[in-house]
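Q: return a 3D structure for these sequence lines:
(one chain, ligands or ions: 1)
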Amino acid sequence: MAFREYKIGARMFGLALGGSMMITLYMPSLDIVKVGSTEYGLRKSMSFGRIGGFSLEDPFLKGWSKPKTVLLKKDPLSGADMEPTYAYVYEPGVRFNSAIPHPRILGEGVEELSVNEGRIGEANEREGAVFLVKEGRFNGKKYPYLVNATATMNWSPESVISSVSDDQVAQIGSGKIMFVREGCWWCHTLLPEQTQDWQAFGAPPRLGDFNGETPTAFGSDRKAPDLLHVGSRNSSREWMMMHFFNPRLVQPHSIMPRFDYLWGEKDAAGNKIDYDKWRQEYTEYVSGARVYPPEVPDYAADSDIRKLIDFVISLK
Ligand code: HEC
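A: This next block holds a predicted model:
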C-alpha cells in the first residue's frame, strides 16, 4: 500500500517539475525563435562560437575550439581587392555556433535566407567552414543572413587564414572565455548603456573606498566602468597592454588587479618574461627610486592576453 502512494507522489512531483520546466524554459524559447536575429546579433554570436563557459571541448576554459574573426581586404583566392569584410573562420574540428546545426533559432527570414541562399546546411564541422554575414530579401523584407562561403565561394578556412596577416585576425571567441574565467564580471558590467557611463554614474570607486567593508556584495556599489562599448572609447592596444599588465601604470588609483600572468612564460620574441625583475623595478618606480616604470613586454601571438584584448576591443 505504502509503495503505491510513493509511486503516485513521485509521478506528481515529476509532473510538477516537468510542467514548470516547460513554462520557464521551453515556452520562452518559442517566443525567442520568432524574433529574427539582427546583424549585430549574428556577428557577435559567429565571433563567439558555440558555447561559453564549461564545455567538453574546453573543460579548463582555455579558449579552445573557438572561431577566428578575420578582417578581409582581399579575396583570399584571387587576391583581388574587396570591400573590407569580416569572415568568421571555423577551422577543422572547431564546434559551430548553434545556429548552424539549428537554423530555426535564427528566426523568420534569417533562417530561410541562411539555409537557401547561404547554404549553411552544407557546412561540415570536421572540415571546417568560413561564414559571412550578408543582407538579403525574404517576402519583400530585408534581413541579415549567414553565408557559408566554403560552399558558395570555395573559401576554405586555411585559404582565408593564410591570406591575411596576424593583425587582421581577432580571437574574440577565446577572449570572451578569458573574460569569464578571469572573473572580470566581478567588477565590470556589460550593460547596454547608451551613454558614457562615467558621466552617468560618476567615477568608479578608488583604493581605500572599501576599507573595513566585508563582504562587498554584488550590486552594493559600482566597482568598475561598464565595458559594453569600451572598444569605441578606447581601442589602443598599447594602453590595454599597460593597463592589464598593471592598471596602476595608467590609473594610479585603480582597484583593478594585475593580469600580467596572462602574458604566459614568453614574450613576442620568445624570450622568457622575468616577472620578478619587472616587479622589483616597478616597486622602485613607485618609491621614487626610478624615473620611468619598466616597459611592459610585447605579448606572444598565442598568449591569453592577446585573446582577451581582441575581445575587449571588439566591444564597440
Ligand atoms: C576588482 C575589480 C576589477 C576587476 C576584477 C577587473 N577590473 Fe577592469 N577596471 C576596474 C576599475 C576600478 C577600473 C577603472 C580604473 C582603471 O582604469 O583601472 C577598470 C577599468 C577597466 C578598463 C578600462 C575601462 C574604460 O572605461 O576605459 C578595462 C578595459 C577593463 N577594466 C577590463 C577588465 C578586464 C578584461 C578584466 C578581467 C581580466 C577586469 N577589467 C577586471 C576594476 C576591475
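Q: how about the residues of the stretch 201-316 of the chain that lie near the ligand?
A: Proximity of the stretch 201-316 of the chain to the ligand (CB under 6 Å from any ligand atom) is limited to residues 204, 223-225, 227, 230, 234, 247, 251, 254-257, 259, 308, 312. Glycine gets a C-beta too; all of them are placed from N, C-alpha and C.
Q: again, 8 Å this time
A: 204-206, 223-227, 230, 233-234, 240, 243-244, 247-248, 250-251, 253-257, 259, 262, 308, 311-312 (CB under 8 Å from any ligand atom).
Q: wasn't residue 73 part of a strand?
A: Yes: assessed by DSSP: H, G, I helix; E, B strand; the rest coil, residue 73 belongs to a strand.
Q: contacts only, for it.
A: 81-82, 84, 164, 168 (CB atoms under 8 Å, 6 or more residues apart in numbering).
Q: with residue 33 instead?
A: With CB under 8 Å, 6+ apart, residue 33 has these contacts: 104-105, 107.
Q: quick one: residue 301 and residue 167 touch, right?
A: No: in this structure, residue 301 is not within contact of residue 167 by CB atoms under 8 Å, at 9.6 Å.
Q: now do the shared contacts for those two.
A: With CB under 8 Å, 6+ apart, residue 301 and residue 167 have no common neighbours.
Q: which residues sit against stretch 277-297?
A: By CB under 8 Å, 6+ apart, stretch 277-297 touches 241-242, 245-246, 248-249, 260, 263, 267-268, 273.
Q: mind redoing it with 7 Å?
A: The contact list for stretch 277-297, computed with CB atoms under 7 Å, 6 or more residues apart in numbering, reads 241-242, 245-246, 249, 263, 267, 273.
Q: which of those residues are buried?
A: 241-242, 245-246, 249, 263, 267, 273 (16 or more other CB atoms under 10 Å).
Q: could you dump those residues to CSV with pLDDT?
A: Formatted as CSV, those follow (pLDDT from 0 to 100):
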residue, pLDDT
241, 98
242, 97
245, 98
246, 97
249, 96
263, 98
267, 97
273, 97
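Q: re earlier: counting only helices, which of the residues of the stretch 201-316 of the chain next to the ligand make the cut?
A: 230, 233, 240, 243-244, 308, 311-312 (DSSP state H).
Q: quick revisit: give me the buried entries from the contacts of residue 73.
A: Using 16+ other CB under 10 Å, the buried ones in the contacts of residue 73 are 164, 168.
Q: ok, residue 264 - contacts?
A: By CB under 7 Å, 6+ apart, the residues touching residue 264 are 300, 303-304.
Q: by neighbours, which of those residues wins?
A: With neighbours set by other CB atoms under 10 Å, the maximum within the contacts of residue 264 is found at residue 304, which has 23 neighbours.
Q: and the closest residue to that residue other than its chain neighbours, what does it touch?
A: Nearest non-adjacent residue to residue 304, counting by CB to CB, 6 or more residues apart in numbering: residue 262, 4.2 Å away. Neighbouring residues of residue 262 by CB under 7 Å, 6+ apart: 178, 244, 303-305, 308.
Q: so which of the residues you listed comes closest to residue 18?
A: Distance to residue 18, by CB to CB, is smallest for residue 178 among the contacts of residue 262, at 37.5 Å.
Q: surely the closest one meets residue 306?
A: No: under the criterion of CB atoms under 7 Å, residue 178 makes no contact with residue 306, lying 9.7 Å away.
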